[in-house]
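>>> From the sequence below, what's the structure:
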Amino acid sequence: MQAWLLNSFLGRYIREYQAKGGVTTRKRIYIILLMALMVAISTIFFIKTLPIRIIVWVAGLIGCIVVGFFIPKAKP
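Modelled structure (predicted):
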């Protein structure tokens, strides 16, 4: 599995994460913005029922908090 991931399009990101010990601030901001955009698009255009919308918003918020505060920052 690890060899497959390292040879996929994700390989350079995984190697960079391993080499630097975390995610750079620039990529962290990019990840959070992209996640928020996808949650917003999904809940506005594709999900019609309110309880499911709330669940998706909460999951997106938890994901943003995890990326923002718990994923290690890259060492220079």
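
>>> send the alpha carbons of the longest helix seen in the chain over as PDB?
Determined from DSSP state H, the single longest helix within the chain is helix 50-69. The C-alpha trace of helix 50-69 is given here as PDB (Å, rounded to 0.1, in the frame of the first residue of the first chain):
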ATOM      1  CA  LEU A  50     -31.300  19.700   6.600                       C
ATOM      2  CA  PRO A  51     -30.000  17.000   9.000                       C
ATOM      3  CA  ILE A  52     -27.500  15.800   6.500                       C
ATOM      4  CA  ARG A  53     -26.400  19.300   5.700                       C
ATOM      5  CA  ILE A  54     -25.800  19.900   9.400                       C
ATOM      6  CA  ILE A  55     -23.800  16.700   9.700                       C
ATOM      7  CA  VAL A  56     -21.600  17.600   6.600                       C
ATOM      8  CA  TRP A  57     -21.000  21.200   8.000                       C
ATOM      9  CA  VAL A  58     -20.000  19.700  11.400                       C
ATOM     10  CA  ALA A  59     -17.700  17.200   9.800                       C
ATOM     11  CA  GLY A  60     -16.100  19.900   7.700                       C
ATOM     12  CA  LEU A  61     -15.600  22.100  10.700                       C
ATOM     13  CA  ILE A  62     -14.000  19.200  12.600                       C
ATOM     14  CA  GLY A  63     -11.700  18.600   9.600                       C
ATOM     15  CA  CYS A  64     -10.700  22.200   9.500                       C
ATOM     16  CA  ILE A  65      -9.900  22.200  13.200                       C
ATOM     17  CA  VAL A  66      -7.900  19.000  12.900                       C
ATOM     18  CA  VAL A  67      -5.800  20.400  10.000                       C
ATOM     19  CA  GLY A  68      -5.400  23.800  11.600                       C
ATOM     20  CA  PHE A  69      -4.400  22.700  15.100                       C
END
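
>>> which parts of it are buried?
For helix 50-69, the neighbour count (16 or more other C-beta atoms under 10 Å) marks R53, V56, W57, G60, G63, C64, V67 as buried. Placement of C-beta: from N, CA and C, glycine included.

>>> and Y30, how many neighbours?
Counted with other C-beta atoms under 10 Å, residues neighbouring Y30 total 12.
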